[in-house]
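*Asks:* this one's sequence-less:
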């Protein structure tokens, strides 16, 4: 059985069921992760424009342009991981 709950839903349900009960989102997530071995992720939906026919066509044209070139991603390409880049950003 799959449950579709988010942290806010669980917190609301608990505070409604138990009078005077309070818990922070971080406390709830720590309990679920460390005691119950459950993680809760909020889904991230791709914008509709990302899969629009125009963008798909642009991507296909780019692929066809580079497909027959001497581009060998194992020898002469550098891949930048956006997640790794953002992890090292700091707010000042």
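*Replies:* Yep, that arrived. Treat the numbers as computed from the prediction; the structure is a model and nothing was measured.
*Asks:* average pLDDT for the biggest helix by length in the chain?
*Replies:* Secondary structure of the chain per DSSP state H: the longest helix is helix 53-67. Averaged over helix 53-67, pLDDT sits at 87.
*Asks:* Distance from that helix to the middle of the chain?
*Replies:* 25 Å (C-alpha atoms, centre = their mean, to the nearest Å).
*Asks:* List of residues touching that helix?
*Replies:* residue 49 (C-beta atoms under 8 Å, 6 or more residues apart in numbering). In this view, the C-beta of every residue, glycine as well, is placed from N, C-alpha and C.
*Asks:* repeat that with 10 Å
*Replies:* 49-50, 52 (C-beta atoms under 10 Å, 6 or more residues apart in numbering).
*Asks:* and which of those is nearest to residue 37?
*Replies:* Closest to residue 37 out of those is residue 50 (33.3 Å), distances taken as C-beta to C-beta.
*Asks:* quick one, what contacts the closest one?
*Replies:* Residue 50 sits in contact with residue 56, where contact means C-beta under 10 Å, 6+ apart.
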